[in-house]
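[1] got a structure for you, letters missing:
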């Protein structure tokens, strides 16, 4: 690759070039990670929805999220009818100096989750549904902080008849500590109603941890690195 191609490949912002049929012609490294959270079709639809009316380029500022990926704008461009490209501008949500590698002891995640479910089920008629990927290994983490975070996450949903917990790999996503890449997995808790009172308490506590919290209308997710 020449310098121009390498510059695009290692850009912090995702870039995807589509055919007119919506098939991917090329993409850079960051776009590959983005496709772990967003599907190809919805990004192509975003591209065509914000394309210029005639040949050229158009930049649009908008707040858009795909999982843990958040962007503040996009540029869409095409110079013929065969291909169209999109570049998404990543929101600087984290201060690099605050990204700390988790410390603690080797912990079985499923044991911690079961403990939190057990403590929050006492005296309540709630159906706790578990959807776990059993291949996720024990990880190094501060178990006390994890218990506190999960406990608050469950408390946000106690006014429900059913609460679902998912544990799954985040395919294609990773985080870097000391120039080393670590894969990510998620603990996702969801139900129909979310208690805003406990959510505020959770948000206040999460800043004292190294965990990333993703908040949606009916679910809460923390993304954790697999450090063994």
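    Received the coordinates, thanks. None of the values given here were measured: they were computed from a predicted structure.
[2] which element follows the longest strand seen in the chain toward the C-terminus?
    Using DSSP state E to define each element, the chain has its longest strand at strand 162-177. Note on strand 162-177: by DSSP states H and E, the next helix or strand toward the C-terminus is strand 180-190.
[3] got the angle for that following strand vs strand 162-177?
    170 degrees (axes from the mean of the first three to the mean of the last three Cα atoms, to 10 degrees).
[4] buried ones in strand 180-190?
    Neighbour counts over strand 180-190 (16 or more other Cβ atoms under 10 Å) mark 182, 183, 184, 185, 186, 187, 188, 189, 190 as buried. All C-beta atoms are positioned from the backbone trio N, CA, C, and that covers glycine.
[5] stretch 195-214 now?
    Neighbour-count burial for stretch 195-214 [16+ other Cβ under 10 Å]: 195, 198, 199, 202, 205, 206, 209, 210, 211, 212, 213, 214.
[6] mind listing the strands for this structure?
    15-19, 24-27, 56-66, 69-78, 83-90, 105-107, 127-132, 139-141, 162-177, 180-190, 212-215, 219-225.
[7] ok, back up a step: run me through the strand neighbours of the longest strand of the chain, direction for each.
    Strand pairing for strand 162-177, using DSSP bridges, gives strand 127-132 (parallel), strand 180-190 (antiparallel).
[8] touching that strand from outside, list them.
    Residues outside strand 162-177 that contact it (Cβ atoms under 8 Å, 6 or more residues apart in numbering) are 32-33, 35-37, 67-68, 99, 101, 109-110, 113, 117, 126-133, 136, 154, 157, 181-192, 223, 225.
[9] distance of residue 138 relative to residue 226?
    Look at residue 138 and residue 226: by Cβ to Cβ, to the nearest Å, they are 10 Å apart.
[10] looking at those two, which one has more neighbours?
    Taking neighbours as other Cβ atoms under 10 Å, residue 138 and residue 226 compare with residue 226 leading, 18 against 14.
[11] what pairs with the closest residue to that one other than its chain neighbours across the strands?
    Nearest in space to residue 226, with sequence neighbours left out and distances taken as Cβ to Cβ, 6 or more residues apart in numbering, is residue 183 at 4.8 Å. For residue 183, the beta-bridge partners under DSSP bridges are residue 174.
[12] picking up where we left off before, now render the strands paired with strand 162-177 as TSV, adding distance to residue 83.
    Shown next, in TSV, are the strands paired with strand 162-177 (distance: least, Cβ to Cβ, whole Å):
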stretch	distance to residue 83
strand 127-132	39
strand 180-190	31
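[13] tell me the contacts of the residue positioned nearest the centre of the chain?
    Residue closest to the mean C-alpha point of the chain, counted by Cα atoms, centre = their mean, is residue 68 at 2.8 Å. Listed by Cβ under 8 Å, 6+ apart, the contact partners of residue 68 are 37, 173, 212, 214, 223.
[14] residue 78 touches residue 55, doesn't it?
    Yes. In this structure, residue 78 is within contact of residue 55 by Cβ atoms under 8 Å, at 6.4 Å.
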